[in-house]
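> Pasted the sequence and its predicted model underneath.
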Amino acid sequence: MNICVIGAGYVGLITSVAFAKMGNDVICVEKDINKVDSLNNSVPTIYEEGLNDLLIECIEKESISFTNKLEDSVKKSDIVFIAVGTPSLDNGEVDMSQVHKCINEISKSINRYTIIVNKSTVPVGSQKYVKDILIKNGVPCDKFDVVSNPEFLREGKALYDVFYGDKIVIGCESQKSRNIMNLLYKPFNIPIIFTNPETAEIIKYTSNAFLSTKISFINEVANLCNKVGADVDTVALALGLDKRISPEFLKPGIGYGGSCFPKDTLGLISIGKKYDCPFEIVKSAVSVNNKQRVIPVDILLNEYNDIKDKTITLLGLTFKSGTDDIRESPSLYIIEELLKRGAKINAYDPMVSDEIKEIYPNINYFGSMNGSILGSECIIICTDWEEFKGLDLDFVKDNTKEAFIIDGRNMLSLDEAKKRNIKYYSIGKGY
Ligand code: NAD
Ligand code: UGA
C-alpha cells in the first residue's frame, strides 16, 4: 500500500520504518527540513535500538523516503497517518493545534478515497473533530474515512513493540476502512481490536493513566517501606505473582516522566472534567508523582539544611534508560530545585543530548561516570541506566567529599554501601 506518515518524531519515524519493512511504500512528511535531510541520508534523528539498521535497509530498498512536501505525499497515498505532537496546554487540556494544521493541509490534497488515521494521542471525540474539519473544508464525505489507531509503543523498546506488541487498536466507522486497515495490519500477526473511534480513543488515555497510577501506587508503598523497614521489591514481587495484578510497572523510583504519562494523565483529567467524570484516582496519581520526583531534594535538605555551593552529581538525565528523550524527566525537576537553592551540579548521562546542554548551560557535563562524581558531596541516581549498577563504591568512598548516595532507581545495594560506610538512601529498600 502507499502510506503517508505526517511527523517524523518517535512515533512517526518508527511507524514509517515498520510499514516500509512490511512491504509498503512509505513517504514520511516532516516539517523540520534538517530532520528530512538527516533521515534521507540514513541518519536517525532519535536514538532507538535497531532503528539505524532498519532505516538503512528501507532506504536502500527505496521503500521509504522523507520530505517536507505534504500535498504531493497525500495525493499519492491510500492511508495518511497523523503522528504529530499533542502536548498539554497550561490548563492540562490537549493542544490539538498541530493536528488541526495537518488536517487543513490534507484537505487541499484529497483527490480520491483516502483513509486519515489519528495515530497521535488525541482526546475522545477527535475522530469526529477531524471529520468535521475535513467536511468544513469542502472534502466530499465519500472521499475519506477517519480512523482512530492509537500507538502503544514504549521508547527504548519501540521497534520490539511495533513488531511484537500485545495489541493493535483500530476504531473505525465504515466496513471499507476496516477492511483496508485489516489488510495493512494483518501481516504483523498481532491481535487486532476493532471498535468504534470513541472506544479506541478512550483505550489509549486509560492505558497510560492506569500504568501511571500503578507506578504512583508502588511509589507510595515504597515510601512506607522505608519508614517501617520493609523491602519494596519483595512486596512488588509478591503482588506481581497474583495474576490479577501482574508484575509489570511495579518498579518504584523517583516517579514517571516522559512525553506521555505526565501529559496523558492531565489530558484524561481534563477530558473527564468536560464530561463531569472527575477521575479523582488519576488526580492522586499525578499529585503523588509531583512529590516523588523531587524526593532526592527533600532527603538532601534533611541532611544539610542549606545546599548552596554544594556539588551534587546527577547520574542520568533522560526520563528512563534506552532513550535520549529528556521530556518531563524527573531529573529536570531535581535540577530546577537544586539550582534554585544555589547548588552546583555535575551530570553524566550515557546518552546526553545537546538539547539539555542548551537548556542548562551552567551544569558541568562529564563524559564518564567516575569523572562526574570526583569531589562531589552527594550522588543522585536519576535514571535506570544499566551502567549505574556498576558504580564503583570504593571509588565513591575514596573520591567524593561525602560518601553519600541517593539511589532514585534502586540500582545499588544497601548492604554493599553500608559495608563501606557510605550514606545510602533507596526508594523503599532502606537507608
Ligand atoms: P515528536 O514531537 O517526537 O514528533 C512530532 C513530529 O511531528 C516533529 O518532528 C514535528 O516537527 C512534526 N510535525 C509537527 N507538525 C507537522 C506538520 N504539520 N507537518 C509535518 N511534520 C510535523 O512527538 P512523538 O513523541 O512522536 O509523539 C507524537 C504523538 O504520538 C503524540 O500525540 C504522542 O502523545 C503520541 N505517542 C507518543 C509515544 C512516544 O513514545 N513518544 C508513544 C505513543 C503515542
Ligand atoms: C509509555 C507507555 O508504556 C507506552 O505504552 C505508551 O505508548 C507511551 O507511554 C506513550 O503513550 O507515549 P514510555 O513513556 O516510552 O511509554 O515509557 P515507559 O516505559 O512506560 O516509562 C514511563 C515512565 O515510567 C519512565 O519515567 C519510567 O522510569 C517510569 N516507570 C516505568 C517507573 O517508574 N516504574 C515502572 O515500573 C515502569
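The structure has been received and is ready for your questions. Ligands and ions are numbered 1, 2, ... in the order given.
> What parts of the stretch 101-250 of the chain come near ligand 1?
K101, C102, S120, T121, E151, L153, E155 (Cβ under 6 Å from any ligand atom). The C-beta positions use only the backbone N, C-alpha and C, and glycine is treated the same way.
> Please indicate which of those residues are buried?
By neighbour count, with 16 or more other Cβ atoms under 10 Å, these hold C102, S120, T121, E151, L153, E155 as buried.
> Distance to F249 for those residues - can I get that in TSV?
Compiled in TSV, these are given as follows (distance: Cβ to Cβ, whole Å):
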residue	distance to F249
C102	32
S120	23
T121	18
E151	18
L153	15
E155	15
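> Show me which of these is closest to ligand 2.
E155 (3.6 Å; Cβ to the nearest ligand atom).
> Need the phi and psi values for that closest one.
With angles defined as degrees, to the nearest 10, E155 sits at phi -60, psi 150.
> is it true that it touches S321?
No: in this structure, E155 is not within contact of S321 by Cβ atoms under 8 Å, at 9.9 Å.
> Could you export the residues of the stretch 101-250 of the chain next to ligand 1 as CSV, including pLDDT and secondary structure?
Below are these laid out as CSV (pLDDT from 0 to 100; DSSP: H, G, I helix; E, B strand; the rest coil):
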residue, pLDDT, secondary structure
K101, 97, helix
C102, 97, helix
S120, 98, coil
T121, 98, coil
E151, 98, coil
L153, 98, coil
E155, 94, coil
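> okay, those in JSON lines with distance to I326 next?
Listed next are these as JSON lines, based on distance: Cβ to Cβ, whole Å:
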{"residue": "K101", "distance to I326": "25"}
{"residue": "C102", "distance to I326": "26"}
{"residue": "S120", "distance to I326": "21"}
{"residue": "T121", "distance to I326": "19"}
{"residue": "E151", "distance to I326": "20"}
{"residue": "L153", "distance to I326": "18"}
{"residue": "E155", "distance to I326": "11"}
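> near ligand 2 too, which of these?
Within these, those near ligand 2 by Cβ under 6 Å from any ligand atom are T121, E151, L153, E155.
> any idea which element the closest residue to the second one other than its chain neighbours lies in?
Closest residue in space to E151, ignoring its immediate chain neighbours: V11 at 5.1 Å, by Cβ to Cβ, 6 or more residues apart in numbering. Applying DSSP states H and E as the criterion places V11 in helix 10-21.
> That helix - contacts with which helices or strands?
Here helix 10-21 touches strand 2-6, strand 25-29, helix 51-60, strand 64-67, helix 158-164, going by 3 or more Cβ pairs under 8 Å, 6 or more residues apart in numbering; DSSP states H and E.
> Would you mind writing the CA trace of the longest one as PDB?
By that I understand helix 51-60. Listed next in PDB are the C-alpha coordinates belonging to helix 51-60 (Å, rounded to 0.1, in the frame of the first residue of the first chain):
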ATOM      1  CA  LEU A  51      16.500   1.900  14.200                       C
ATOM      2  CA  ASN A  52      19.700   2.700  12.400                       C
ATOM      3  CA  ASP A  53      20.000  -0.600  10.600                       C
ATOM      4  CA  LEU A  54      16.300  -0.700   9.700                       C
ATOM      5  CA  LEU A  55      16.400   2.800   8.300                       C
ATOM      6  CA  ILE A  56      19.400   2.000   6.100                       C
ATOM      7  CA  GLU A  57      17.700  -1.200   4.900                       C
ATOM      8  CA  CYS A  58      14.400   0.600   3.900                       C
ATOM      9  CA  ILE A  59      16.200   3.500   2.200                       C
ATOM     10  CA  GLU A  60      18.400   1.000   0.200                       C
END
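> in this structure, which helix or strand is least confident?
helix 354-359 (a mean of 88; mean pLDDT, DSSP states H and E).
> in a strand, that's where Q127 is, yeah?
No: counting by DSSP: H, G, I helix; E, B strand; the rest coil, Q127 falls outside a strand, being helix.
> Going by neighbour count, which residues of stretch 307-320 are buried?
I307, K310, T311, I312, T313, L314, L315, G316, L317, T318, F319, K320.
> Outside of the helix or strand the fifth one falls within itself, list whatever touches it.
Taking DSSP H and E as the definition, one finds T313 inside strand 311-315. Contact with strand 311-315 is made by 300, 331, 334-335, 338, 343-349, 369, 372-373, 375-383, 385, 388, 391, 401, as judged by Cβ atoms under 8 Å, 6 or more residues apart in numbering.
> filter the residues you listed down to the ones near ligand 1?
Of the contacts of strand 311-315, not one also sits near ligand 1 (Cβ under 6 Å from any ligand atom).
> Can you say which of the residues you listed are buried?
Buried among the contacts of strand 311-315 (16+ other Cβ under 10 Å): 300, 331, 334-335, 338, 343-349, 369, 372-373, 376-383, 385, 388, 391.
> among those, which are in strands?
K344, I345, N346, A347, Y348, C378, I379, I380, I381 (DSSP state E).
> Who does the fourth one form a beta bridge with?
A347 has the following beta-bridge partners by DSSP bridges: L314, Y365.
> That one contacts N362, doesn't it?
No: taking Cβ under 8 Å as the definition, A347 is not a contact partner of N362, at 10.9 Å.
> Any regions of the stretch 201-350 of the chain where pLDDT drops low?
Within the stretch 201-350 of the chain, not a single segment meets pLDDT under 70.
> can you tell if stretch 404-420 touches ligand 2?
No: no part of stretch 404-420 sits near ligand 2 under the criterion Cβ under 6 Å from any ligand atom; the closest distance found is 7.5 Å.
> what does that stretch contact?
232-233, 251-254, 295-296, 299-300, 303, 316, 330, 377-384, 388-389, 391, 393-394, 396-397, 403, 422-431.
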